[in-house]
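>>> give me coordinates for this.
(2 chains)
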Amino acid sequence: MQDDQEQPHLPGVDASKATDESVLRVHAQLRRQRVEGSPVAFFTAVAFIIVFVFAWFYGRRYFAEMDSAGVLAEREQIAALEAWKARPKEPAGPVVIDGAQLYAQQCVACHQASGQGLAGAFPPLADSEWVTGEPELPIKILLSGLGGPIEVKGVSYNGAMPAFGAVWDDAHIAAIVSYIRGSWDNGASEVTAEQVAEVRAAIGTRGAWTADELAEHF
Amino acid sequence: MNLICNLFSSFFPNLESDGTHREREQNIDASVRFAVLGLIKGSVVWLLVVSLLGLIVSLKLHSPSYLSEYGWLTYGKAYPAFWNALVYGWLFNAGLACVAWIVARLGGRPIGNGGLLIIASGAWNIAVIIGLFGIFKGDQNPYRMLEFPVYVAPFLFAAFIGIGLWILLAFKARAYRSSFASQWYALAGVFSFLWIFTVAQVMIFCLPAQGVFQSVVAAWFGGNLLGLVVAPFAFAVIYYIIPKVLGQHIIGYGQSGIAFWSWILFASCSGLASLVNGPFPAWVASVGVVASFGLFLPLSVFTMQFVSSFLASFSRVWDTISARFAFYAVVAFIVSTVLLILGSLRGVQEVTQFSQFNDGVRYLFLVGFAGMAFTGMIYYMLPRLLNKELPNSSLADLQFWVQGLGIFTITVSLVAGGYAHGALLNGSDADTIAILFNTKGYLFLTSLGSVIFAFGNFAYAVSFVWILLSPRTEKEKSADLIKSAPELEYTHS
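Numbers count the residues shown, from 1 in each chain, chains lettered A, B, ... in the order given. A predicted model of the protein is given here:
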């Protein structure tokens, strides 16, 4: 540049320092020249060898590792599958139904975990004459439900107990009745599924009881 | 081989009858002006879109409630939209503009078929817009860099065929039978994109391959889009800028054949390395790792050629806008390729695989390397296409530093943050959330970098619009602004 003083630090136009034709020509010449013992060629050759030696060893190691790992993992999986197939079967015994669990699922919302019910709304089960008396009484209530006014331990309630006869089979009903009769110091006898079946056959399908209909049991 | 490097048939016809060198250059520039300027305009607009999307993506990572009321802008949509706009919008427009111009210039003859390039590049941009809307609408495909909905693919393909055909015809019509590395890489990028795009579309969507093989094809495509399409365009630019701007022939040019073929060979398989530790046959991923390590070979040749050529005339690098962008690009290329190679190892991937490490490497490769190279080339082309000086070269100076700082910040935060995140995930029994909070600083740093980068892009856009719209001065109106270039001297090295 002749006028260096007037140029800003960065010129607005990047000057061409070479014609396109000369770029092509010079580089074609450069490609054709073969320099014997050129350090550049030597360096390239060394890089080439390093790359391929690495590729070879890495590839071998990778295959060996991955393949043996894969085979081992497969064997482990097969062994685990066989072990699972040959697992000891649970002995087939009588099915035990947990009355406490059923109570916690279905009854506890109204009658409470303490069996005391809610004053004025839901009658208590603990120490209740309706529970601890004849076993047919709670079985009947559970099977068909109970509606209308009822007096428990001298307090009047007016609500609706839902029917569970269609939901639970005899064994379940027996389990829950046994549970409420045996809890909270009620100390009443357990009931069996056969007793429930008898009551179920006797009453048939019917609507909810009223307290008066069940008065015969007192 | 014969088509691409016509090694032994170099002869130089006497073109003196067509006028002086400078007049021939002006005729070539005039023949491609409209189309190339259109591509550059597209690239600048896409760059602004990309900076916005990149900012949204990085903000959402540490402030999930940001813009969460817009269903079309969730992270799952903004993230692929960002990467697709970056590659198909910005880098393809800028790269194709540079490559078309370089091929035309090195061909030595004015190029016809301008209409083809204009229509094809317009169609490409419309297809990318539709694809982006498809992503926002929710039609995206679940494969990296193939997220554009299926209905966009034929348009992208047809548009690229048009552009590629133009470049091929321009190459075929060249006056000089000899060829330069820039031309090889330009053609390699064109052919590679048609090849990998066809294979990916057919094997994943048209006639889907079975099961996991689709993921293999997608990983192969994702790696090749970087390595075989965007990178060759950027190589073409750097190979061209060094002799043209510095007046320095490429040192060690005799090795560029090895660099070219080994790059094509290894880069075409290195994408498979991202499948390491996945449910794939061991040989697939190990081919990818070996190919990634093979990249050391072309990397060493490129490093030697570019760095020694730059150092040979380093005083000119900082005084020339395009050369300093190209220098940044070369440094970014070396760093990102080393990270790419080391990041492909199984032991490293166990740490980095589910972190932002790979995003950082990809970002540096695409933006720091390709993007900066294209920007430099555009600054070299603009005065020649418009016959105007840059109205404010300090703005370009500012842009260089701001963009460079932004890219550096984003890369450091993604790579270091990604590695720290992965190491914590593997090496501690803390909650995932606690680990995320622990790396929150890096996420903030990414957002900061995105803001800086966006400022740089804004400066770029201002600079571009300024040179485009500023009225010509008396000097620019009356005379050719560009001084006739001297001949490149052949020095036996």
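
>>> and the helices in chain A?
Counting by DSSP state H, one finds helices in chain A at the ranges A:20-32, A:39-85, A:99-106, A:108-111, A:129-132, A:136-144, A:170-182, A:193-203.

>>> can I get those in CSV including mean neighbour count, distance to B:Ala85 and mean pLDDT?
Glycine gets a C-beta too; all of them are placed from N, C-alpha and C. Converted to CSV, the helices of chain A look like this (neighbours: other C-beta atoms under 10 Å in any protein chain shown; distance: least, C-beta to C-beta, whole Å; pLDDT from 0 to 100):
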stretch, mean neighbour count, distance to B:Ala85, mean pLDDT
helix A:20-32, 21, 33, 88
helix A:39-85, 13, 35, 78
helix A:99-106, 16, 56, 80
helix A:108-111, 15, 58, 80
helix A:129-132, 20, 74, 81
helix A:136-144, 23, 69, 82
helix A:170-182, 21, 64, 84
helix A:193-203, 15, 72, 83
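
>>> need the residue closest to the centroid of chain A.
For chain A, the residue nearest the mean C-alpha position is A:Gln105 (19.3 Å; C-alpha atoms, centre = their mean).

>>> next one: that one from A:Ile176, what distance?
Relative to A:Ile176, A:Gln105 is positioned 10 Å away (C-beta to C-beta, to the nearest Å).

>>> one more: B:Ala291?
Counting by C-beta to C-beta - B:Ala291 and A:Ile176 are separated by 70 Å.

>>> B:Asp480 now?
On the measure of C-beta to C-beta, B:Asp480 and A:Ile176 end up 103 Å apart.

>>> and residue 153, what does it touch?
Went with chain A since none was named. A:Pro123, A:Pro124, A:Asp127, A:Ser128, A:Glu129 (C-beta atoms under 8 Å, 6 or more residues apart in numbering or on different chains).

>>> other chain: chain B
B:Phe197, B:Gln201, B:Phe205.

>>> quick check, it in a helix?
Yes - counting by DSSP: H, G, I helix; E, B strand; the rest coil, B:Ala153 falls inside a helix.

>>> residues near the single nearest residue of the stretch 151-300 of chain B relative to chain A, how many?
Residue nearest to chain A within the stretch 151-300 of chain B: B:Gly247 (2.8 Å; C-beta to the nearest C-beta). B:Gly247: 20 surrounding residues under other C-beta atoms under 10 Å in any protein chain shown.

>>> what's the answer for the one 5 residues further on, then?
Taking other C-beta under 10 Å as the neighbour definition, B:Gly252 ends up with a count of 23.

>>> doesn't B:Ala312 make contact with it?
No - judged on C-beta atoms under 8 Å, B:Gly252 makes no contact with B:Ala312 at a distance of 11.0 Å.

>>> can you list the low-confidence ranges for chain B?
B:1-19, B:492-493 (pLDDT under 70).

>>> which helix runs longest in it?
Using DSSP H, we find that the single longest helix of chain B is helix B:21-62.

>>> how about it and chain A, touching?
Yes - using C-beta under 8 Å from any C-beta of the partner chain, helix B:21-62 reaches chain A at B:His21, B:Glu25.

>>> put the alpha carbons of the helix or strand just after that helix into CSV.
Where DSSP states H and E defines the elements, the next helix or strand beyond helix B:21-62 is helix B:75-84. The C-alpha trace of helix B:75-84 is given here as CSV (Å, rounded to 0.1, in the frame of the first residue of the first chain):
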residue,chain,number,x,y,z
TYR,B,75,-37.8,-26.7,25.2
GLY,B,76,-38.5,-29.8,23.1
LYS,B,77,-39.4,-27.7,20.2
ALA,B,78,-37.1,-24.7,20.6
TYR,B,79,-34.1,-26.9,20.9
PRO,B,80,-34.4,-28.7,17.5
ALA,B,81,-35.6,-25.4,16.0
PHE,B,82,-32.4,-23.7,17.1
TRP,B,83,-30.1,-26.4,15.7
ASN,B,84,-32.0,-26.8,12.4
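
>>> the inter-axis angle of helix B:75-84 versus helix B:21-62?
If you take axes from the mean of the first three to the mean of the last three C-alpha atoms, to 10 degrees, helix B:75-84 sits at 160 degrees to helix B:21-62.

>>> contacts for helix B:75-84, please.
Here helix B:75-84 has contacts from B:50, B:53-54, B:56-57, B:60-61, B:64, B:128, B:131-132, B:135-136, B:138, B:140, B:144-145, B:147-148, using C-beta under 8 Å, 6+ apart.

>>> tell me which residues of that helix come out buried.
B:Lys77, B:Ala78, B:Tyr79, B:Pro80, B:Ala81, B:Phe82, B:Trp83, B:Asn84 (16 or more other C-beta atoms under 10 Å in any protein chain shown).

>>> that one: what's the following helix or strand?
Next along from helix B:75-84, by DSSP H and E: helix B:92-107.

>>> alpha carbons only: can I get that next one in PDB?
C-alpha atoms of helix B:92-107 as PDB (Å, rounded to 0.1, in the frame of the first residue of the first chain):
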ATOM      1  CA  PHE B  92     -26.200 -23.500   4.500                       C
ATOM      2  CA  ASN B  93     -27.000 -20.000   3.200                       C
ATOM      3  CA  ALA B  94     -23.700 -18.500   4.100                       C
ATOM      4  CA  GLY B  95     -21.700 -21.600   3.100                       C
ATOM      5  CA  LEU B  96     -23.400 -22.000  -0.300                       C
ATOM      6  CA  ALA B  97     -23.000 -18.200  -1.000                       C
ATOM      7  CA  CYS B  98     -19.200 -18.500  -0.300                       C
ATOM      8  CA  VAL B  99     -18.800 -21.700  -2.200                       C
ATOM      9  CA  ALA B 100     -20.800 -20.600  -5.200                       C
ATOM     10  CA  TRP B 101     -18.700 -17.400  -5.400                       C
ATOM     11  CA  ILE B 102     -15.400 -19.300  -4.900                       C
ATOM     12  CA  VAL B 103     -16.200 -21.800  -7.600                       C
ATOM     13  CA  ALA B 104     -17.200 -19.100 -10.000                       C
ATOM     14  CA  ARG B 105     -14.100 -17.000  -9.300                       C
ATOM     15  CA  LEU B 106     -11.700 -20.000  -9.600                       C
ATOM     16  CA  GLY B 107     -13.500 -21.100 -12.700                       C
END
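
>>> I'd guessed B:Gln248 sits against B:Leu311; true?
No - B:Gln248 lies out of contact with B:Leu311 (C-beta under 8 Å); the separation is 9.7 Å.

>>> among those two, which residue is more densely surrounded?
Legend: neighbour count by other C-beta under 10 Å for B:Gln248 and B:Leu311, higher for B:Gln248 (23 against 12).

>>> contacting residues for the more buried one?
Taking C-beta under 8 Å, 6+ apart as the test, what B:Gln248 contacts is A:Lys17, B:Ile242, B:Ser309, B:Ala312, B:Ser313.

>>> can you tell me which of those residues has the most neighbours?
The most crowded member of the contacts of B:Gln248, judged by other C-beta under 10 Å, is B:Ile242 (28 neighbours).

>>> how about a markdown table for the helices of chain A, with distance to B:Val451 added?
As requested, the helices of chain A are arranged in a markdown table below (distance: least, C-beta to C-beta, whole Å):
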| stretch | distance to B:Val451 |
| --- | --- |
| helix A:20-32 | 40 |
| helix A:39-85 | 40 |
| helix A:99-106 | 58 |
| helix A:108-111 | 57 |
| helix A:129-132 | 74 |
| helix A:136-144 | 71 |
| helix A:170-182 | 67 |
| helix A:193-203 | 75 |
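
>>> perfect, that will be all.
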